[in-house]
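Asker: this is a predicted model, with the sequence first.
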Amino acid sequence: MKYEHLFQPIKLAGVVFKNRIFASPTGLRYTFINGTLMPTAPQYYGRKAMGGAAAVAVGECIVDSLYAKTTEYKIEMDNPAAVHGLSLLTDSVNRYGAVCVAELSHGGAGANRYPGAPDVIYGPVDYTYFDGRQVKEMPEEIIERTIQKYGEAALMAKKCGFGMVNVHAGHGWMMHQFLNPKLNTRKDKWGGAPIENRARITVECLKSIRKAVGPKFPIEVRISGSECYEGGYDIEEGIAFAKQIEDYCDLIHVSVGSHEVESLFPITHPSIFLDEGCNVKYAAEVKKHVKTPVAAIGALCDPELLEDIIASGKADVVEMARALIADPDLPIKAQTGREDEINKCMRCLTCFSDLVRNGHFSCACNPEIGREEEALFFPKPAQLKKVLVVGGGIGGMEAAITAAQRGHKVTLCEKSSELGGTLNCERNVPFKFRLDDYIERQKRTIEKLGVDVRLNTEVTPENAASFGADAIIAALGAVT
Ligand SMILES: Cc1cc2nc3c(=O)[nH]c(=O)nc-3n(C[C@H](O)[C@H](O)[C@H](O)COP(=O)(O)O)c2cc1C
């Protein structure tokens, strides 16, 4: 097999994962206000499992609905109403032989900032959050409550069919706030200079989880290996934290950054301007210092690179968020030698900007994601047609592919001498090489599907009838 290390199973605690590709947490706005899940959630996560990932993580399952919730839409792990939806969700993942993972999260100082939220926000110390809200030092009894809540949430996850929990201790959320040496200046055992103190809340929560779920249930911890900004902590602190937690978990997932510093967003979620795999070095560094398996993340999508990370021992697992949004079938395509069919993420961040803007996300190069039901269960056409697609840009190419995949006989007309439309003027910019990949992949798909492509052919109201089509799809750029 070409990617023999990538497709080696790995055992974490008592659970065998069929390969080294894990779908990193992506949170949707998937709950109704009362904590029950939207039906789109199982379809979205199930689709990733269908594509061959060994684990599929569900983002931001909140451990304490009173003090930990970052938005009103999050999954509440202390709400019995969520059990039904979560069980359906895990079912939709487990049926493909993937492990469904619950990301257990607590917003700390970032919680309770939505309309109607409880009026108190707890963080490691009294301070003003970056949005101007006042944060109170978390008192001992709330710390004890939080530790207990983690155990209960993990047990709830296990009962709902999750096969692992991922404890979010990075990206600026509660555990990361306690770890932050500049912020956590508490004078008690939960803070101050010693790393043991700043890591204590994480360690105690991990112990509470282990007690609740037993030794065979794997626990993953997501950390920021470095905060990646001047004045933030660096990899030395990330390594020290990893050493504090390694005896209490089964996988250390090394991400970077903190959302409290806005400019870090495109580093935590590496934008198109950064190199592929730019954050793997942090995982590789942590791996040198711990015996617990380590996962790498950040701008990964190329199977050769994924294989190299595992084979060279930089990490034991590779995690991906956007690459599996752009193409949930990436694992299966790599495994079966269909690399040229992989729709590689361009890192344009359309997914995230849509999520923030309207609560639903889409992908610039995968029209199906977030609309799995429509895509998978759309009824077959009652009648096959001769379809004329006008315009061979991005929209026209995708329309031609979709129509041909549905069995129609498709003619694609482009008035210029090449397919690709407006993307053609960007595709040769070196760091935008994934745009070039995208156009070439679309062209290959069009060819494989037997679409009749006519370049240098303008369709006008006068000549449209001469193509003998039953249906005409005019791509936006072609309508003048
Ligand atoms: C749409 C979207 C939603 C995300 N939601 C979460 C989340 O709920 N929890 C989390 O820890 N990370 C979340 N992330 C961050 C990813 O897990 C990942 O760390 C980041 O995107 C970098 O990996 P990538 O380059 O493979 O996309 C999200 C990312 C995206 C693109």
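Answerer: Arrived safely.

Asker: how far away is the most centrally placed residue in the chain from the ligand?
Answerer: Central residue of the chain (CA atoms, centre = their mean): Ala321, 2.9 Å from the mean position. Separation of Ala321 from the ligand (CB to the nearest ligand atom, to the nearest Å) stands at 3 Å. Yep, even glycine has a C-beta here, placed from its N, CA and C like the rest.

Asker: wait, that residue sits on Ser24?
Answerer: Yes: counting by CB atoms under 8 Å, Ser24 is a contact partner of Ala321 at 4.2 Å.

Asker: which residues are common contacts for these two?
Answerer: Taking CB atoms under 8 Å, 6 or more residues apart in numbering as the criterion, Ala321 and Ser24 both touch Ile297.

Asker: near the ligand, which residues of the stretch 51-200 of the chain are found?
Answerer: Counting by CB under 6 Å from any ligand atom, the residues of the stretch 51-200 of the chain close to the ligand are Gly59, Glu60, Glu103, His168, His171.

Asker: let's see 8 Å
Answerer: Ala57, Gly59, Glu60, Glu103, Ser105, Asn166, His168, Gly170, His171 (CB under 8 Å from any ligand atom).

Asker: quick check on the fourth one: phi, psi?
Answerer: Right, the one you point to is Glu103. Glu103 adopts backbone torsions of phi -80, psi 110, taken as degrees, to the nearest 10.

Asker: so for stretch 99-108, mean pLDDT?
Answerer: Here stretch 99-108 scores 98 as its mean pLDDT.

Asker: same question but for stretch 465-478, I mixed them up
Answerer: 87.

Asker: so what touches it?
Answerer: 385-393, 395-396, 399, 403, 408, 411, 413, 415, 421-422, 459, 464.

Asker: now do the buried residues in stretch 236-253.
Answerer: 237-246, 248-253 (16 or more other CB atoms under 10 Å).

Asker: pretty sure Arg133 contacts Ile121?
Answerer: Yes: taking CB under 8 Å as the definition, Arg133 is a contact partner of Ile121 at 6.0 Å.

Asker: list the residues that contact both of these two?
Answerer: Arg113.

Asker: which one of the two is surrounded by more residues?
Answerer: When Arg133 and Ile121 are compared for neighbours, Ile121 comes out ahead with 20 against 13, by other CB atoms under 10 Å.

Asker: these two touch, right, the more buried one and Lys136?
Answerer: Yes: Ile121 is within contact range of Lys136, at 6.7 Å (criterion: CB under 8 Å).

Asker: returning to that earlier point: pick the one among the residues of the stretch 51-200 of the chain next to the ligand closest to Tyr233.
Answerer: Distances from Tyr233 to these, taken as CB to CB, are shortest for Gly170 (11.3 Å).

Asker: for Ala321, list the residues it contacts.
Answerer: Contacts of Ala321 (CB under 8 Å, 6+ apart): Ala23, Ser24, Pro25, Thr26, His269, Ile297.

Asker: do that again at 10 Å, thanks
Answerer: 23-26, 57, 59, 255, 269, 297-298, 300, 345, 351-352 (CB atoms under 10 Å, 6 or more residues apart in numbering).

Asker: for this structure, where's the lowest mean pLDDT among helices and strands?
Answerer: helix 372-377 (a mean of 82; mean pLDDT, DSSP states H and E).

Asker: what's the average pLDDT for the helix or strand that that one is followed by?
Answerer: Next helix or strand after helix 372-377 toward the C-terminus (DSSP states H and E): strand 386-390. Here strand 386-390 scores 97 as its mean pLDDT.

Asker: what helices or strands is strand 386-390 leaning on?
Answerer: Judged by 3 or more CB pairs under 10 Å, 6 or more residues apart in numbering; DSSP states H and E, strand 386-390 is in contact with helix 394-405, strand 409-413, strand 452-454, strand 471-474.

Asker: export the ones you listed to JSON lines and append columns for distance to Asp126 and mean neighbour count.
Answerer: Shown next, in JSON lines, are the helices and strands packed on strand 386-390 (distance: least, CB to CB, whole Å; neighbours: other CB atoms under 10 Å):
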{"stretch": "helix 394-405", "distance to Asp126": "51", "mean neighbour count": "21"}
{"stretch": "strand 409-413", "distance to Asp126": "63", "mean neighbour count": "23"}
{"stretch": "strand 452-454", "distance to Asp126": "65", "mean neighbour count": "17"}
{"stretch": "strand 471-474", "distance to Asp126": "60", "mean neighbour count": "16"}
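
Asker: picking that back up, quick one: which of the residues of the stretch 51-200 of the chain next to the ligand sit in strands?
Answerer: Using DSSP state E, Ala57, Gly59, Glu60, Glu103, Ser105, Asn166, His168 are the members of these that sit in strands.

Asker: from Thr26, how far off is the closest residue to the ligand within the stretch 151-300 of the chain?
Answerer: The stretch 151-300 of the chain approaches the ligand most closely through His269 (4.1 Å), counting by CB to the nearest ligand atom. Counting by CB to CB, to the nearest Å, the separation of His269 from Thr26 is 10 Å.

Asker: quickly list what's touching both of these two.
Answerer: With CB under 10 Å, 6+ apart as the test, His269 and Thr26 both reach Ala321, Arg322, Cys351, Phe352.

Asker: Provide a list of residues in contact with Trp173.
Answerer: 60, 68, 70, 105-111, 222, 224, 258-260 are the contacts of Trp173 under CB under 10 Å, 6+ apart.

Asker: which one (most neighbours) among these?
Answerer: Ser105 (32 neighbours).

Asker: ok, the closest residue to Ala102 other than its chain neighbours to Phe17 distance?
Answerer: Nearest residue to Ala102, sequence neighbours excluded (CB to CB, 6 or more residues apart in numbering): Ala157, at 3.9 Å. For Ala157, the distance to Phe17 equals 17 Å [CB to CB].

Asker: using a markdown table, please lay out the helices and strands packed on strand 386-390 together with distance to Gly359.
Answerer: A markdown table is the format used below for those (distance: least, CB to CB, whole Å):
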| stretch | distance to Gly359 |
| --- | --- |
| helix 394-405 | 24 |
| strand 409-413 | 34 |
| strand 452-454 | 38 |
| strand 471-474 | 29 |
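
Asker: now the ones you listed as a markdown table including distance to the ligand?
Answerer: Output for these, formatted as a markdown table (distance: least, CB to the nearest ligand atom, whole Å):
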| stretch | distance to the ligand |
| --- | --- |
| helix 394-405 | 21 |
| strand 409-413 | 31 |
| strand 452-454 | 33 |
| strand 471-474 | 29 |
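
Asker: which other helices and strands contact the lengthiest helix in the chain?
Answerer: Longest helix in the chain by number of residues (criterion: DSSP state H): helix 140-159. Contacts defined by 3+ CB pairs under 10 Å, 6+ apart place helix 140-159 against strand 55-62, strand 75-76, helix 82-94, strand 99-105, strand 122-123, strand 164-169, helix 174-179, helix 200-213.

Asker: strand partners (parallel or antiparallel) of the fifth one?
Answerer: Partner strands for strand 122-123, per DSSP bridges, with pairing direction: strand 134-137 (parallel).

Asker: buried sites along stretch 333-350?
Answerer: 333-335, 339, 341-350.

Asker: and these near the ligand, which?
Answerer: Near the ligand, by the rule CB under 8 Å from any ligand atom, you find Cys345, Arg347, Leu349 out of the buried residues of stretch 333-350.
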